[in-house]
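Peer 1: Starting from these lines, generate the structure:
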Amino acid sequence: MISQTEIHNQFRGLGLKITLPRVIIFESLQKFSHHPSAEDVYKSLQKKYPTISLATVYKTLDLLVQNNLATKVVTNEDKVRYDHRIEEHIHLYCEKTSTIVDYEDPKLQKLLSDYFKNETINGFEIKQIQINIKGISSTIKKQNK
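Peer 2: Next up, the predicted model:
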């Protein structure tokens, strides 16, 4: 997790206004071990910051995504979850528990990277590769929300 000073520096570097709600929502997102929904982030803040609205959480998460400080992960049920990890990585999505976990496979990521260095998609500029592998796992447990 990055410090408030680092968050302030990132916001400044992007020309974003530094506000308490933005900082605490970004901090909260980083504390989750799973990929939370906006509602999960909102609930995690309610006790300590009861004046923050769900609309503010949604707007801030969208702002973080627009500025490449977070990414969206869409589930089978078309529910949006958020991820504070912006580097390319793979997600495993368990259809039985609706749980998303990060999966590290440097060999697969290198294979994809090397492939797209040599291959182009006509008229399409690749900005990021997101891999979401869906299935049913006997080892991935439902995450607490």
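Peer 1: From now on I want contacts and neighbour counts done on CA atoms only, so please keep to that.
Peer 2: Noted.
Peer 1: average pLDDT across stretch 50-69?
Peer 2: When pLDDT is averaged over stretch 50-69, the result is 97.
Peer 1: Hmm, I typed the wrong one, I wanted stretch 23-39.
Peer 2: 93.
Peer 1: now stretch 92-99
Peer 2: The average pLDDT within stretch 92-99 is 86.
Peer 1: gap between the two ends of that stretch?
Peer 2: 8 Å (Cα to Cα, to the nearest Å).
Peer 1: begin at 44 from here
Peer 2: That works, and once the first residue is 44, the last one we named lands at stretch 135-142.
Peer 1: got the buried residues for it?
Peer 2: 135-137, 141-142 (16 or more other Cα atoms under 10 Å).
Peer 1: Just flag the most distant two among these.
Peer 2: Spatially, the most separated pair among these is Leu135 and Ser141, at 10.0 Å (Cα to Cα).
Peer 1: ok, the residue nearest to the spatial centre of the chain - contacts?
Peer 2: What sits nearest the mean C-alpha location of the chain, by Cα atoms, centre = their mean, is Asp126, with 1.4 Å. The contact partners of Asp126, taken as Cα atoms under 8 Å, 6 or more residues apart in numbering, are 72, 78-79, 113-116.
Peer 1: May I have the beta-bridge partners of it?
Peer 2: Note on Asp126: beta-bridge partners Thr114, judged by DSSP bridges.
Peer 1: Look up how far Ile133 lies from it.
Peer 2: Distance from Asp126 to Ile133, by Cα to Cα: 12 Å.
Peer 1: Kindly report the same for Asn165.
Peer 2: To Ile133, Asn165 is 25 Å away according to Cα to Cα.
Peer 1: I appreciate the help and will end here.
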